[in-house]
Every structure is written in C-alpha cells, then in structure tokens.
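A.B. asks: build me a model from this:
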Amino acid sequence: MRGIVVSISITTVWRWLHSDAIKPWMHHSWLSPRDPLFGEKAARVLDLYYGFFNGVSLRPDDYVISADEKTSIQARHRKAIGTGPIPHHPRRVEFEYERKGALAYVAAWDVHRAKLFGICERTTGIETHHKLVDLVMQQEPYRSAHRVFWITDNGSSHRGESSVERLSKWYPNAIQIHTPIHASWLNQIEIFFSILQRKVLTPNDFPDLQTLERTILMFQAFYEKIAKPFKWKYTKDDLKKTLMRIAEQAVTADPLRIAA
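C.D. replies: Numbering: from 1, shown residues only. Below you'll find the model as predicted:
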C-alpha cells in the first residue's frame, strides 16, 4: 500500500473496495429498446392480457394465445448411472455425457383458459409453426371463435407483416400480434418454458430423442391438468415507468448527451 501501512490483509482490501461508491471492475449488461414502437407494441400485448384490444373489451368468444419455440433441447446420455437424493446429500449426476441429438419444442399457451399445446420437431421454421397453429386452430373453441390473437416474438418462423398475412390466410379469424424486439419477457409462454427447464430438463439426462420428446409431452399433459392462468401483474403503468427509467439511464450513461 505504498508504505501507508506496514501490512494489510486481503479481507480488509476487499472490504474497502466493496464499500467504495464506484466499482469499475464490475459491470451490468443490459439491452436497450431498439424498436421505435416499443411502447406501443408492448402496450397492445398487455391490453390483451388484461382483456382489451384497441380499447374495447374482448368478447367471450375471443381468445389470446401466446406462442414460441424452445430450440436446441439436447438429449445428453450420461456415461454412468446417477444416484437419487438421500438425507443430507443431493442427487448425483455423471458429468460426462454423449450427445444424442437435439429437438425443438414448439408450444402455445391460452392465456386466459390455461390450455397448453405443443409439438416436438427436429427443426423450427414456417412449416413447424404452421403445424402448431393447425393443432390449436382446428380444435374448438378456436375453430369457430370470433378472433384468436396469436402473440409471438420476431423469430424467423413468424417475423414481420408477411407472417401476419400468412396467418390470416391460414385462418381468417387468427390475428398475429408481435411483441417488440428484445421483449421475450412479455410473452407468457416463456414462463412455462422456464418451468419446463427447471422441472424436466435440468439436469439433462436422456438416452435418446424419443425419450426426451416423450418426457416433454408427458409433462405438458400433466401440467395442463393442474394449470391456472398466470397471475400477470405487469401493467401499462409499469411499462411507462420502465421506459422512463431506461430513458434516464441512457442520458446518465452518455457524457456527450449530458454536456449538450
């Protein structure tokens, strides 16, 4: 310490650094909204969650579907049999594994009815998305519904106005609603994907793709029996606060803007 003290412990140095107001060795990653219509698109999705579209309440025969793909789910066959948990000891899973391929799980969630639909495919794409749409739209009550709103992100399977038009051609009563770019957190199906990841796919130990697919679809059937609509609490007021906070952070982080 340049002769200020005779000696100093690592713990003391760490405590000083930890209490310092500025910590240049630390960083926090974040993704700024790049969609010029971020607020407008996000508000439209939130309205649908709360039962409105264009300022008007949804009809009883209107439905809201949240859909997306969970890609590259690997089947990892462990090279040794694991052991189950015992008192005071967690489950043991062999570290080494053999790759047995990967699947994509494409799923849709009825936001207000807690109905779940899903298929497993080797690849994603327009045709795979079409299969999922068929699975939902060829069943009642969606087949004869007044409107079925499909909330999706901007992935290649359902991107842009061409996807909106394509869905309308497949089913005239289906309306695609895109989330803003970089806003997967607005898509409720992601909540189920996180549940699937925790309950089924972690740790990953499947001998083949057939077992992986069967396990995913069995959990889907089980979950639907006990499912209730997610308690969505994020509102348009919360959205406004988020956008204001992001705008303030952008100004603070830009010295040139501050100088101006």
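A.B. asks: which residue ranges of the stretch 51-200 of the chain form strands?
C.D. replies: Listed in chain order, the strands found in the stretch 51-200 of the chain under DSSP state E, counting those that start in this stretch are 52-53, 56-57, 62-78, 97-110, 115-121, 147-152, 174-178.
A.B. asks: mind putting those strands in CSV, mean neighbour count and mean pLDDT included?
C.D. replies: All C-beta atoms are positioned from the backbone trio N, CA, C, and that covers glycine. As requested, those are arranged in CSV below (neighbours: other C-beta atoms under 10 Å; pLDDT from 0 to 100):
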stretch, mean neighbour count, mean pLDDT
strand 52-53, 15, 97
strand 56-57, 10, 98
strand 62-78, 21, 96
strand 97-110, 19, 96
strand 115-121, 19, 98
strand 147-152, 22, 98
strand 174-178, 20, 98
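A.B. asks: could you point out which of these sits nearest residue 44?
C.D. replies: Of all those, strand 174-178 sits nearest to residue 44, with 6.2 Å by C-beta to C-beta.
A.B. asks: check which helices and strands that closest one sits against.
C.D. replies: Contacts defined by 3 or more C-beta pairs under 8 Å, 6 or more residues apart in numbering; DSSP states H and E place strand 174-178 against helix 38-49, strand 147-152, helix 160-170.
A.B. asks: just those: most buried one?
C.D. replies: When these are scored by mean count of other C-beta atoms under 10 Å, the highest mean neighbour count falls to strand 147-152 (a mean of 22).
A.B. asks: how far away is the spatially most central residue of the chain from residue 13?
C.D. replies: Centroid-nearest residue in the chain, with C-alpha atoms, centre = their mean: residue 190, separated by 2.9 Å. Between residue 190 and residue 13 the distance is 42 Å, computed by C-beta to C-beta, to the nearest Å.
A.B. asks: now swap in residue 244 and tell me
C.D. replies: When residue 244 is compared with residue 13 (using C-beta to C-beta), they lie 39 Å apart.
A.B. asks: quick one: classify residue 231 as helix, strand or coil.
C.D. replies: Put simply, residue 231 is coil when judged by DSSP: H, G, I helix; E, B strand; the rest coil.
A.B. asks: picking that back up, tell me the contacts of the residue nearest to the centre of the chain?
C.D. replies: 68, 184 (C-beta atoms under 8 Å, 6 or more residues apart in numbering).
A.B. asks: kindly report the same for residue 96.
C.D. replies: Per C-beta under 8 Å, 6+ apart, neighbours of residue 96: 78, 79, 80.
A.B. asks: for these, give me CSV that also has distance to residue 123.
C.D. replies: Shown next, in CSV, are the contacts of residue 96 (distance: C-beta to C-beta, whole Å):
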residue, distance to residue 123
78, 26
79, 28
80, 31
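A.B. asks: closest one of these to residue 239?
C.D. replies: So of those, ranked by how close each gets to residue 239 (C-beta to C-beta), first place is residue 78, at 43.8 Å.
A.B. asks: so what sits opposite the closest one in the bridge?
C.D. replies: residue 97 (DSSP bridges).
A.B. asks: tell me if I'm right that it and residue 97 touch.
C.D. replies: Yes - between residue 78 and residue 97 there is a contact under C-beta atoms under 8 Å: 4.9 Å.
A.B. asks: picking up where we left off before, reformat the strands of the stretch 51-200 of the chain as a markdown table; add distance to residue 138.
C.D. replies: Putting those into a markdown table (distance: least, C-beta to C-beta, whole Å) gives the following:
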| stretch | distance to residue 138 |
| --- | --- |
| strand 52-53 | 23 |
| strand 56-57 | 27 |
| strand 62-78 | 13 |
| strand 97-110 | 13 |
| strand 115-121 | 11 |
| strand 147-152 | 12 |
| strand 174-178 | 12 |
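A.B. asks: identify whichever of those strands lies nearest to residue 205.
C.D. replies: Set against residue 205 and scored by C-beta to C-beta, the strands of the stretch 51-200 of the chain come closest in strand 62-78, at 5.0 Å.
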